[in-house]
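Engineer: Predicted model, plus sequence, below.
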Amino acid sequence: MTASPLRLRLDSSALVANWRTLDAMSGPAACGAAVKANGYGLGAREVVARLAAAGCRDFFVSTWAEAAQLADLGVAVSVLHGVRAEDMVADRPAYARPVLCTAAQVRRWRDAGGGGCDVMVDTGMNRLGIAPRDVADGLLEGLRIETLMSHLACADEDVPRNARQRDALAALEGRTSARRLSLANSAGIGLGPDYGFGLTRPGIALYGGRQRPEHAAIRQVVTPEAQILQRRRVGAGESVGYNATFTAPAAMEVAILNIGYADGYLRCFSGKGMARAGDAALPVLGRVSMDLLAVDVGAAPSLGEGDWVALDYRLPKTAAVSGLSQYELLTGLGARFDRVWS
């Protein structure tokens, strides 16, 4: 297969270091890893293999189709969206267990003979999960529960809701057969040891996202790179790109890169984004196109057709520039990138 003119540089050592940082921050709680959405866009199989080798034992995906992609890796997988009727098939993976999140799913699982499972309880996010009163009413009796979990709605903010959710989950300790409780996501780990319970479930911070000051040690994992298709000289007063939104104030050197909004480098970066070649900053000029991007290469006189440049994609800063969340920045990176691990 021909190599793509787009690649994601993925730093294995940074990924593993981030998990170890979050593991240490989790205190006595085990530290798992959310690898849904194809490992937040990096490639779930490659992420799982590296984190399992580092000592991670708990992995989380959204759907059974995602779980099936991890079939031969020898790890335990929890399926966060539970079991629909369509998921109750004979060849359901034995290494994966559902996170039951509705009363109907609990009944479906029990009626089919049960087995190991996790359960999601809604403690105030009003997304997925059974109600705490369902636990009191005996809904979970007879289930073999590995983890009773909930999800923080505002862990990246210091608000009273966090403590209320923590206390609501803590009140369920010993009320079910669950071996452990779990609440903290990436930001939740930063709230302190009271939020760790028996298992933490980081996601975005594994991949370089920083949501709280406590994430200062988290390292960048992902760097998009694109090849130059053409280098051209644009005269003073000439425009660049659709709708002529950029006009050259003087003669300048411009490179056209093989990347655009179809690859996840969206139009919100028009006139705001930045590429880099070594220490040289290469500002984005004009509109981002579907497959193409123009950058100012006046600071890099040696760059030419076929050379590679990196897109500045440090997650917190890029989120602030673009108005996108750090999650969107990662999961939106498209299939045309070769994913290259170092």
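Structural biologist: Alright, I've got the coordinates. For clarity, every value in this text was computed on a predicted model and none was experimentally measured.

Engineer: and residue 187, which of the three is it?
Structural biologist: helix (DSSP: H, G, I helix; E, B strand; the rest coil).

Engineer: which of the residues in stretch 46-57 are buried?
Structural biologist: The neighbour-count criterion (16 or more other C-beta atoms under 10 Å) identifies 46, 47, 48, 49, 50, 51, 52, 56 as the buried residues of stretch 46-57. For glycine as for every other residue, the C-beta is placed from the backbone atoms N, C-alpha and C.

Engineer: Could the C-alpha coordinates of it be exported in CSV?
Structural biologist: Included here for stretch 46-57 are C-alpha records, laid out as CSV according to Å, rounded to 0.1, in the frame of the first residue of the first chain:
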residue,chain,number,x,y,z
GLU,A,46,-1.9,-0.3,19.7
VAL,A,47,-2.8,1.7,22.8
VAL,A,48,-4.0,-1.4,24.6
ALA,A,49,-0.9,-3.4,23.7
ARG,A,50,1.4,-0.7,25.1
LEU,A,51,-0.6,0.0,28.3
ALA,A,52,-1.1,-3.7,29.0
ALA,A,53,2.6,-4.2,28.8
ALA,A,54,3.0,-1.3,31.3
GLY,A,55,0.7,-2.9,33.8
CYS,A,56,-2.8,-1.7,33.0
ARG,A,57,-5.5,-4.4,33.5
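
Engineer: So what's the gap between it and the chain middle?
Structural biologist: Using C-alpha atoms, centre = their mean, to the nearest Å, the distance from the centre of stretch 46-57 to the centre of the chain it belongs to is 16 Å.

Engineer: And the average pLDDT for it is what?
Structural biologist: The average of the pLDDT scores along stretch 46-57 is 98.

Engineer: again, but for stretch 319-335
Structural biologist: 97.

Engineer: mind checking the end-to-end distance for it?
Structural biologist: Terminal residues of stretch 319-335 are spaced 21 Å apart (C-alpha to C-alpha, to the nearest Å).

Engineer: For residue 45, list the residues it contacts.
Structural biologist: With contacts defined as C-beta atoms under 8 Å, 6 or more residues apart in numbering, residue 45 is in contact with 39, 69, 70, 73.

Engineer: how far does the helix or strand harbouring it sit from the chain's center?
Structural biologist: Using DSSP states H and E, residue 45 sits in helix 44-54. On the basis of C-alpha atoms, centre = their mean, the separation between the geometric centre of helix 44-54 and that of its chain is 14 Å.

Engineer: now do stretch 43-53
Structural biologist: Centre-to-centre, stretch 43-53 and its host chain are 13 Å apart (C-alpha atoms, centre = their mean).

Engineer: right, and the helix or strand after the helix holding residue 45?
Structural biologist: Using DSSP H and E, the helix or strand that directly follows helix 44-54 along the chain is strand 58-61.
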